[in-house]
Structures are given as C-alpha cells and as structure tokens.
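Q: Let me see the structure of the following:
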Amino acid sequence: STIGAGGSLTIATATSKTLDRNLTILGTRTGTWTGGTVNMGTNGLITNGGTFDIAGDLTLNKSAGGTPTVTNTGLLRKSAGGLSATFTNVALSNSGTGTIQVQSGILNPANASIGGTIDLDPGTKFVIDSDTVTITGPTTFPDTGDVELQAGTLMVSNNVTLPKLVFINGIVDGAAVLTLGSAATWAGGTMQGSGVTEVANLATLSMNGGAKTINTRTLRPLSGSTVSWSGGNVTLTSGGNIDNSGLFSVAFNGTLGNGGSAGAFVNNNAGTLRKSATTGSLSLTNVNLTNNGLVDIALGKIDVSGSYTQGASGSLAFLLAGTTPGTAYGQLVTTSTPSFAGALNVTLNFPYQPLVGDDFAVVAWPADAHSGNFSPYNLPALINGRTWSNAFNSTGLHLTVNGGDADLSIGKTASSPTVVTGSPIAYTISVSNAGPDAANSVQVVDTLPAGHTGISAGGIGWTCGVAASTVTCNAASLSVGACSSIIANR
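A: Numbers count the residues shown, from 1 in each chain. You can find the predicted model right below:
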C-alpha cells in the first residue's frame, strides 16, 4: 500500500490493527497514527519517505514471524502523549536523510540502526531498554532531550555526540568515539569495546548509583570537562582505562578495581584528580596511577596498591587542618615502590596553624622503597619564624614543623656583694624564655673576672665546661615560660 501524491492516512480508534504488507509513505505525504496497537505480521513493513506521525502513547508490535521493520528516510515523529511509543520486536532503521523527532514523551524502539538526525525536544527521551541500538552512520542530536540506556546495548559504530546521556544499566559498546556533549549520568552498566567515551570540554559526567565496568574501552575526560564520582565502584578489565585531562572529582569512599588485565588511571598535564568530601579512601586496587597533572587530596586518602608514578610536570597537593591523616589532612598511601618528580604543594586550611613538633605523613608506605623526590616543595609560611623540614623514613614522607622565635633573657647574681680574697663565691646565671616557641640548642658563655681559680659550673638540663676563666654551658632546649639556672662556683 502506497500513500502517494495528494494522499494521507490516519490510523485511528483504539482497536488493534494488523499490517502484513508494506505500507509506503512517499514524498510530502503524511501518515498519522492516533489510536490502537498495530500488529505487524510476517510481511509487515513501514517504509516512510514522507511524515509518519505517532500522535499518542502507542505500540507497534511483532505478531508473527519475519523481521518487521520501520525504515525511515523522511520524518518519523512522536508528537503527542506524555508516556511511551513502543516498538516491540519491530526493527527501526533511520538512514542519513531521515529524521526522528520526539516532541512529547518517550520513543522506545527495539533493535534499531540509526543515522541522520535524532531531534529530542527538551524533556523527552529516546529509551533503550532491550535489544541493540546501533549508531551506524553520521548522526546528529541537535536538541537536549535524553538518550536513556536502561538495558540492552548502545552500539557506537560511528563517531557521535550525545548532548544528554542517562546511563542506568546495559552496555555501551563499539569501536568509535562516543562524546558526551553536555550533561551525562552513569549509574550502572558496562562501557566496552575498543572505542573511546569522551567527556567534552565544559561537559559533565556524574557517576553515581551502583557498580560499573570499563572493559577494554577508554574513558577520556577532555580538558575543561568535569567528572563527578559520588557512588558505585568501577572495575577496569581487559585494558579498560581512564585517560584524564579534565577535573575528575571523587566525593565518596570508592574503589577503582582490577577485574583482570586492567589499564591504568593516567592523569595528564591538564588533568586534576581530586579526593574530597569524605575522610575515607579512594582505593586503586591493583590499578596503576600515573600523574602528570595535579593529584589534589583535600580530604581523606588515595590508596594505590598498584604503582604511583609522578612525572616532572605533575604535582601532588595536600590541605592541612590538623594532625590526623585522612581526617584532618589528605594522605597518599602506596604499597608498591612509588616514583616521585614534580612539585609537592601544601596549603593550610585557614585559620589553622601547626605547632612546633607537629608531623604530617603526607605519603605513607610499609617500607621506605621509593625513587626520586619532589621538586620543589611548596610549603606554606608559618607564624613566629617556624620552619619546615621534610624527610623520608620507613613509614613515608614526613613534613615536620621546627621551632621558630624564642625571646630569651639572661641575668646573673653573686652569692655575696663582697668576698674576702681566697674565699669561695657562687654566681647564679638565670636564663628565661618568654616564647612564643621553645628555644633549641641554647648556649651560655660567661667569662669571670681575673683572679678566679678552681672554677666549676653546672645546672639541671645544662652541660657545662670551663676553659681558663670562661664558662660555657649548653642546653638542648628551653621550653616557653621556663627559667633555668646555672651555678658557677669558685
């Protein structure tokens, strides 16, 4: 049956209909479907070169053998109904000249071969909940409705950009590039195939929900993009990897695991991997982390049981707000031999100021087996003249706060204002520290007047020596508020 010049067709009423032959809509002709399920028999085909308007929440159903198919080279439109127009076991083919337009509700095809234009008005959906929808040729999505993958497979055989992808479950597959152009969510399912899933500049990918797998495929956030990972562990298998040049922000205690032959997480020059929000760990379990950009551990830990390698362009950043790792400052935990180059950057969470003797194990490991070092160490200025020291030991890389300013005063008194020649006399030398920090490596030197003989000196916490008439005493430290005395006897 052909709708030709001057013709039109309306499929109406709620009763079911059966199509067991080829219905062809030519040129500028229109077929409008407003009511009733259409059952397609063994020979059922719809070939649309004009306009086929689905004006309601209707079902196109396979009722017999064969391969019933809707082939669209014109305009296939869902124009009415807030729910779904569903193709049940009926294939859909949309060629390069064809347009699928969803103006209202949902279009839910079965197996589909897609090219051309898919025009999804804001608030509408193109749903994949079974079978396979394949992007076979150049395809554009000019509007902002959702492509929603609930189950089944989205096969990307030609490069395509989706403004909005809602990935609930199922599989993204194929050898081509799938670009997430604006806003996407990933709550579960598998990305697989030899292709790439890109997150475009200024686009966002929200990763939440349940478990996810990247099998062979590359997830590639581009410069200027944002991945926000707040739920659901990710498993890398068969070379599946993450190649990050955007902001990859982790805001929960998640695991990036190795399901067998995992690829790496590579953080490129323009990339930032950030752990924040929770005091627990982002665990890379037998997954290697290569950092040529910025790894920013604002809160919690990044625990790498694969290898950690930081290149000369990379930097590792920490925010300090106290002395408890994970809770008050970030920490990188490694179990394999890490390799360091590039910068280490530390900032203080104002108004926090560390105290003398505070120690921050910003990198932790079970044994001191590392290569390289950070350069430069960009450490924050401290109050009262306090300074930093850094050292590797058997437990990790430690940043330690050294003492700063100390206000010392000294006084000397004699046991008697006068003394008979040849009689003993004792001098008391008092040293006080008014702070604000302890004084370290304190030395007192006092030269007695000529005529003194048989001089000795000592005091609690002091080590003293006498050379001729000069007394020299040393103390390892003098705490704030302390007043320590030296007795020099003749």
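
Q: Residue ranges in the stretch 1-150 of the chain under the pLDDT threshold?
A: Low-confidence segments of the stretch 1-150 of the chain, defined by pLDDT under 70: 4-6.

Q: so what does the helix or strand harbouring residue 392 touch, helix or strand wise?
A: Here residue 392, judged by DSSP states H and E, is contained in strand 387-393. Helices and strands touching strand 387-393, by 3 or more CB pairs under 8 Å, 6 or more residues apart in numbering; DSSP states H and E, are strand 396-402. From N, CA and C alone the C-beta is placed, and that goes for glycine too.

Q: Could you pull up the mean pLDDT of stretch 295-308?
A: Taken as a whole, stretch 295-308 has an average pLDDT of 97.

Q: shouldn't residue 359 be in contact with residue 398?
A: Yes - Residue 359 is in contact with residue 398 according to CB atoms under 8 Å; the separation is 5.5 Å.

Q: Those two: which has the busier surroundings?
A: Remark: of residue 359 and residue 398, residue 398 carries more neighbours, 16 against 12, as counted by other CB atoms under 10 Å.

Q: Just to check, residue 76 is in contact with residue 102?
A: No - checked against CB under 8 Å, the pair residue 76 and residue 102 is beyond contact range at 9.5 Å.

Q: what are the phi and psi values for residue 41?
A: Here is the backbone geometry of residue 41 (degrees, to the nearest 10): phi -80, psi -170.

Q: So what's the residue count around the nearest residue in space to residue 174 that is not next to it in sequence?
A: Leaving out its chain neighbours, the residue that sits closest to residue 174 by CB to CB, 6 or more residues apart in numbering is residue 156, at 3.6 Å. The tally of other residues near residue 156 (other CB under 10 Å) stands at 27.

Q: Against residue 204, how distant is residue 156?
A: From residue 156 over to residue 204 the distance is 20 Å, taken as CB to CB, to the nearest Å.

Q: for residue 373, phi and psi?
A: phi -160, psi 160.

Q: I'd say it and residue 342 touch.
A: No - counting by CB under 8 Å, residue 373 stays clear of residue 342, with 9.9 Å between them.

Q: which one of these two has more residues nearby?
A: Between residue 373 and residue 342, residue 342 has the larger neighbour count (other CB under 10 Å), namely 22 against 13.

Q: Please report the distance of the closest residue in space to that one that isn't next to it in sequence from residue 94.
A: Distances taken as CB to CB, 6+ apart place residue 314 nearest to residue 342, at 4.0 Å, with adjacent residues excluded. Relative to residue 94, residue 314 is positioned 46 Å away (CB to CB).

Q: Settle it for me: which of the two has more neighbours?
A: residue 94 (26 against 23).

Q: Contacts only, for the closest residue to residue 68 other than its chain neighbours.
A: Nearest non-adjacent residue to residue 68, counting by CB to CB, 6+ apart: residue 40, 3.6 Å away. Counting by CB atoms under 8 Å, 6 or more residues apart in numbering, residue 40 makes contact with 18-20, 46, 60-64, 68, 90.

Q: Among these, which one lies nearest to residue 239?
A: Nearest to residue 239 among those is residue 90, at 36.7 Å by CB to CB.

Q: From residue 172, how far off is that closest one?
A: Distance, residue 90 to residue 172, by CB to CB: 23 Å.

Q: higher neighbour count, the two?
A: residue 90 (25 against 22).

Q: got the contact list for the more buried one?
A: Per CB under 8 Å, 6+ apart, neighbours of residue 90: 40, 60-62, 68-70, 109-110.

Q: Show me which of these is closest to residue 238.
A: Once CB to CB is applied, the member of these that ends up nearest residue 238 is residue 110, at 28.9 Å.

Q: Verify the stated contact: the closest one with residue 69.
A: No - with contact defined as CB under 8 Å, residue 110 and residue 69 do not form a contacting pair (10.1 Å).

Q: Need the residues touching each of these two.
A: 90-92.

Q: What about these, which are in strands?
A: 91-92 (DSSP state E).

Q: Turn the shared contacts of residue 110 and residue 69 into CSV, columns for distance to residue 162.
A: Shown next, in CSV, are those (distance: CB to CB, whole Å):
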residue, distance to residue 162
90, 24
91, 21
92, 18
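
Q: Residue 214: which of the shared contacts of residue 110 and residue 69 is nearest?
A: Among those, residue 92 lies closest to residue 214 (CB to CB), at 28.5 Å.

Q: give the contact list for the closest one.
A: Applying CB under 8 Å, 6+ apart, we find residue 92 in contact with 69-70, 72, 109-114.

Q: Only C-alpha atoms, please: export stretch 252-266 in PDB.
A: Below are the C-alpha coordinates for stretch 252-266, written out as PDB (Å, rounded to 0.1, in the frame of the first residue of the first chain):
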ATOM      1  CA  PHE A 252      33.000   9.200  48.400                       C
ATOM      2  CA  ASN A 253      35.000   6.200  49.600                       C
ATOM      3  CA  GLY A 254      35.200   4.400  46.300                       C
ATOM      4  CA  THR A 255      37.200   1.700  44.600                       C
ATOM      5  CA  LEU A 256      38.700   1.600  41.200                       C
ATOM      6  CA  GLY A 257      39.400  -2.100  40.900                       C
ATOM      7  CA  ASN A 258      41.200  -4.500  38.600                       C
ATOM      8  CA  GLY A 259      38.900  -7.200  37.100                       C
ATOM      9  CA  GLY A 260      41.800  -8.700  35.100                       C
ATOM     10  CA  SER A 261      44.400  -7.000  32.900                       C
ATOM     11  CA  ALA A 262      43.300  -3.600  33.900                       C
ATOM     12  CA  GLY A 263      44.600  -0.500  32.200                       C
ATOM     13  CA  ALA A 264      45.800   2.500  34.300                       C
ATOM     14  CA  PHE A 265      44.400   5.800  35.500                       C
ATOM     15  CA  VAL A 266      46.500   8.300  33.700                       C
END
